[in-house]
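Q: Would you be able to build a 3D model of this:
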Amino acid sequence: MDALHEAGIRFAALLQAGPSWLERVLVPLSSMADPKHLFTVCFPLCYSLEPAVGTAVLWGALLAEWLNVVLKWLLFGERPFWWLHESGMAARELLALRQFPVSCETGPGSPSGHCMVPAAALWPLVAALRARCGSPVLRILPCAAYVLLLAAVGLSRVFVLAHFPHQVVTGTVAGVVLGWGLQGRTPGSPRAFAFAALLLPLSALILRWVLSAAGFDIDWSLLLATRWCSSPAWLRPDSRPLASLWRDAGSALGLALAAAAPAPRLGPWPRLAGAGAAVAALQGLQRLREPRDPALCSGSCALRAAAGPWLVGSALPRLLAGLSRAPHRE
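A: All right, here's what the predicted structure looks like:
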């Protein structure tokens, strides 16, 4: 693996030594590709296009993120920004490599969640857009945009030293396969979503307990990230695998709540207004201050994640439907 890691470091150095516009493009792209934006931005916007598509996008995102957490715990993948120092490569060679605020992920590195989760979650959107294109030529465009986006995200993760190239490729392939395999298999019953809200975190926590009982240090990556991150302010506690688990559990619970109280069908403009209101509300929830207590922090993360699908799929559409039926006074 050392030879693969060294090759990845050299490729990252080559990217960072490239034109200055690469940094202006790839660093913001790496931030925008954060899986949490699929939950708070992409999901409500896709839901406004078609509720079934939005539900499939969120279902793919939470399953992909859960699987990514499990694989990270099993594979113990390094990250470039700390391996460079831990391996001694930085001491042996003079490499002009920089970190960025998006570099300091605290979880293990393999496979890349920034590549795996969007690859799985965006496939239903690509399939829906292709189905709406009458011309065979136009049907190529959604797939081309999907491939280019995943390639650009992968390069961005290597550029900021968050992942090695092989971790990017592994995450992308796993996400594409998962997204394709989930096509047409999104459940619709509240019971199925509620079962997922319980099973996904429980199964992952059992795996965590088994690995800990076997003598593995599950939080090994947090120490390395803290040691080698250029700035303590760049450390991202929300990138820890447990934070992703609570987000997935809460999102599945929110889908169950939305499916249990389905909203009336709205017209295109009310749906668009609802999507904008939902994005604003979810961004506001994300900016709430986190409790310091770990248990309260986990509960807060799950509740905020659950609020998203409920707002998008039930509460806001019901409110807009009620406002549209309200009598107008002369």
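
Q: wait, what's in contact with V169?
A: G154 (CB atoms under 8 Å, 6 or more residues apart in numbering). No exception for glycine: its C-beta is placed from N, CA and C like everyone else's.

Q: mind checking how far it is from A119?
A: 11 Å (CB to CB, to the nearest Å).

Q: If you count neighbours, what's buried in whatever helix or strand C301 lives in?
A: Per DSSP states H and E: C301 is located in helix 294-310. Residues of helix 294-310 classed as buried: C297, S298, S300, C301, A302, R304, A305, A306, A307, G308, P309, W310 (neighbour count, 16 or more other CB atoms under 10 Å).

Q: For this protein, give me the ranges with low pLDDT.
A: By pLDDT under 70, the low-scoring segments of the chain are 294, 324-330.

Q: Helices along the stretch 201-330 of the chain, start to end?
A: Assigned by DSSP state H, counting those that start in this stretch, the helices in the stretch 201-330 of the chain fall at 220-228, 241-260, 268-286, 294-310, 316-325.

Q: so which of those comes closest to G113?
A: helix 241-260 (7.4 Å; CB to CB).

Q: so the closest one versus helix 220-228, what angle?
A: Interaxial angle, helix 241-260 versus helix 220-228 (axes from the mean of the first three to the mean of the last three CA atoms, to 10 degrees): 120 degrees.

Q: elements contacting helix 241-260?
A: helix 51-75, helix 190-213, helix 294-310 (3 or more CB pairs under 8 Å, 6 or more residues apart in numbering; DSSP states H and E).

Q: Return that helix as CSV; C-alpha atoms alone will do.
A: Extracted C-alpha coordinates of helix 241-260, given in CSV (Å, rounded to 0.1, in the frame of the first residue of the first chain):
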residue,chain,number,x,y,z
PRO,A,241,-18.6,8.4,11.2
LEU,A,242,-21.0,8.5,14.2
ALA,A,243,-22.3,11.9,13.1
SER,A,244,-23.2,10.4,9.7
LEU,A,245,-25.0,7.5,11.4
TRP,A,246,-27.3,9.8,13.3
ARG,A,247,-28.0,11.8,10.2
ASP,A,248,-29.0,8.7,8.3
ALA,A,249,-31.2,7.4,11.2
GLY,A,250,-32.9,10.7,11.5
SER,A,251,-33.4,11.1,7.7
ALA,A,252,-35.0,7.6,7.6
LEU,A,253,-37.3,8.5,10.5
GLY,A,254,-38.2,11.7,8.7
LEU,A,255,-39.2,9.8,5.6
ALA,A,256,-41.4,7.5,7.8
LEU,A,257,-43.1,10.6,9.3
ALA,A,258,-43.6,12.1,5.8
ALA,A,259,-45.0,8.8,4.4
ALA,A,260,-47.4,8.4,7.4
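
Q: From the chain's centroid, how far away is that helix?
A: Put simply, helix 241-260 sits 13 Å off its chain's centre (CA atoms, centre = their mean, to the nearest Å).

Q: buried stuff in it?
A: Going by 16+ other CB under 10 Å, helix 241-260 has these buried residues: 241-259.

Q: got the angle for that helix vs helix 51-75?
A: If you take the same axes, to 10 degrees, helix 241-260 sits at 160 degrees to helix 51-75.

Q: Just confirm A119 contacts V176, I think it does.
A: Yes. Counting by CB atoms under 8 Å, V176 is a contact partner of A119 at 4.9 Å.
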